[in-house]
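J.: I'd like to go over a predicted model; first the sequence, then the structure.
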Amino acid sequence: MPFTSDLRVFVGKNVVLSSAAPPTPATIETSKSTGRVTAVHHEARPKGAYADLVSEDYIDAGDLYILPGLVDAHVHLNEPGRTDWEGFYTGTRAAASGGVTTVVDMPLNSIPPTTTVAHLETKRAAAQRQCWTDVAFWGGVIPGNQEHLVPMVGAGVKGFKCFMIESGVEEFPCVTEADLEPAMEALEGTGSTLLFHAEFDDHSHVPAPDAPSDSTLYATFLASRPPAFETAAIARIIRLQALFPALRCHIVHLSAAAALPLIRSARAAGAKLTVETCFHYLCLAAADVPNGRPEFKCCPPIRGADNREALWEALADGTIDCVVSDHSPCVAELKRLDDGDIMSAWGGISTLGLGLSLLRTEARRRGFGIERVVRWTCEATAEHAGLQERKGKLAVGYDADLVLWDPDGELTCGEQITKETLNFKNKLTPYEGRTLRGRVETTVLRGRIVYDRAGDVRAGNRGTVSQGLSAG
Ligand SMILES: NC(=O)NC(NC(N)=O)C(=O)[O-]
Ligand SMILES: [Zn+2]
Ligand SMILES: [Zn+2]
């Protein structure tokens, strides 16, 4: 009987179930009560095969592709404390509008930062009933919080971020090796992961005598955070990791291609080292950054076009595991839009909800199929965040998190006046005015529509907040 059926079916001609195969016809059966995938058939079954179902439970994607929902493993939602920069409601809504069904929140920029179990609970409480996606949390390692780390693992954080250079917010100081060693020792046996903001100024870098000094020039900022900061940090990480080989170490937001040989040789020697880069390092280049535009400021910086292409090669060969947004917004005043002072502006780029279209646009130009994009933004990020048993692909037992996606649809990022496609809170982004190819039409979280481009986000279909080892 239709009214008693627990079944909801998604059917498509072009379905990417995982990165293992290019788009193929498929039928995905889901349970409305559990929100999970219950069966996958490798054919597009007609409505007649499900005669009992009411039409809203038989969703035919037609010419749209069906992809797994993205897992964005690096997002700063900043609530509580800096909710005017971004919050759970607006941030996850922006995520859902871009096909992201899970975000993993960074431990800093909120007040308090996620550095104790009590602070984690404060953040979870703030997130309740606000989220359009599933949300999980990274913890933080700061000087002096080492006794809080193992309890935070027990409370469900997916790993820990630390900084090797100042973070930009005083509540989240950077660590020295003296802080790191006990933290790594404490974490080594837990199965957790340590994430490094890998920039370190060992003062070996001497600025060129003709280095620019005008603080509105992008070149001034670029010269102030050279690749040597990243290579020095990564060399230290590799050296430290050798002391704690069972602890997986992860480099967040890699920008400098100069560090790739170090990473390759450490991995070849068996180091448990993983790496992410960001949409902006793959889609932008220093020469395209206008002066006086701090929307393009992030740390480490966007470098040259050759560097960008070397990052693509490293993605292709698996040296870089995954791609994330590092959505780290702030209010307009701190971006110094009034005077364009990039040196004083907040470092962080806003991208949440644009990543799939951005990466697809650039990947296609380089000959990569959509299944590779699924690898880098769904599967590998789910693995990195320890969510790979429920998230990142469409298979029996997995959450029914999926995206109906138009490969040819145009997405214009924020027209000057309406900025209507930018769903995050502070509508400042380096992509403003760009037209991308590939557009999310509908986002489904655990079998329920949470975003529909035509109808916008539907009230009442909210995500839930992670309480434990899965995002849900
Ligand atoms: N305090 C921050 O949010 N920093 C972030 N800022 C960037 N990436 O510019 C980051 O992840 O390091
Ligand atoms: Zn960072
Ligand atoms: Zn970040």
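T.: Ah, there it is. Ligands and ions are numbered 1, 2, ... in the order given.
J.: And the strands in the stretch 51-200 of the chain, which stretches?
T.: 58-60, 65-68, 70-75, 100-105, 134-137, 139-140, 160-163, 193-197 (DSSP state E, counting those that start in this stretch).
J.: can you redo those as a markdown table with distance to ligand 3 and mean neighbour count?
T.: (C-beta placed from N, C-alpha, C; glycine too.) Below are the strands of the stretch 51-200 of the chain laid out as a markdown table (distance: least, CB to the ion, whole Å; neighbours: other CB atoms under 10 Å):
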| stretch | distance to ligand 3 | mean neighbour count |
| --- | --- | --- |
| strand 58-60 | 35 | 20 |
| strand 65-68 | 23 | 25 |
| strand 70-75 | 6 | 30 |
| strand 100-105 | 10 | 31 |
| strand 134-137 | 14 | 27 |
| strand 139-140 | 11 | 30 |
| strand 160-163 | 8 | 26 |
| strand 193-197 | 7 | 24 |
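J.: For the ones you listed, give me TSV that also has mean pLDDT and distance to residue 316.
T.: Listed next are the strands of the stretch 51-200 of the chain as TSV, based on pLDDT from 0 to 100; distance: least, CB to CB, whole Å:
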stretch	mean pLDDT	distance to residue 316
strand 58-60	97	34
strand 65-68	98	20
strand 70-75	98	19
strand 100-105	97	23
strand 134-137	96	28
strand 139-140	98	32
strand 160-163	98	26
strand 193-197	99	23
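J.: Any idea which of those gets closest to ligand 1?
T.: Closest to ligand 1 of the strands of the stretch 51-200 of the chain, according to CB to the nearest ligand atom: strand 193-197, at 4.9 Å.
J.: closest one to residue 326 among the strands of the stretch 51-200 of the chain?
T.: Closest to residue 326 of the strands of the stretch 51-200 of the chain is strand 70-75 (CB to CB; 4.8 Å).
J.: Who are the packing partners of that closest one?
T.: Helices and strands touching strand 70-75, as assessed by 3 or more CB pairs under 8 Å, 6 or more residues apart in numbering; DSSP states H and E, comprise helix 88-97, strand 100-105, strand 273-278, strand 322-324, helix 355-365, helix 380-384.
J.: Strand partners (parallel or antiparallel) of the second one?
T.: The one in question is strand 100-105. Partners of strand 100-105 in the sheet, by DSSP bridges, are strand 70-75 (parallel), strand 134-137 (parallel).
J.: Skip the chain neighbours and tell me the closest residue to residue 255.
T.: Nearest residue to residue 255 in three dimensions, chain neighbours excluded: residue 300, at 3.9 Å (CB to CB, 6 or more residues apart in numbering).
J.: Dump the strands of the stretch 51-200 of the chain into JSON lines; add distance to residue 124 as well.
T.: What follows is the strands of the stretch 51-200 of the chain, written out as JSON lines (distance: least, CB to CB, whole Å):
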{"stretch": "strand 58-60", "distance to residue 124": "32"}
{"stretch": "strand 65-68", "distance to residue 124": "25"}
{"stretch": "strand 70-75", "distance to residue 124": "15"}
{"stretch": "strand 100-105", "distance to residue 124": "10"}
{"stretch": "strand 134-137", "distance to residue 124": "8"}
{"stretch": "strand 139-140", "distance to residue 124": "12"}
{"stretch": "strand 160-163", "distance to residue 124": "17"}
{"stretch": "strand 193-197", "distance to residue 124": "20"}
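J.: That'll do, ta.
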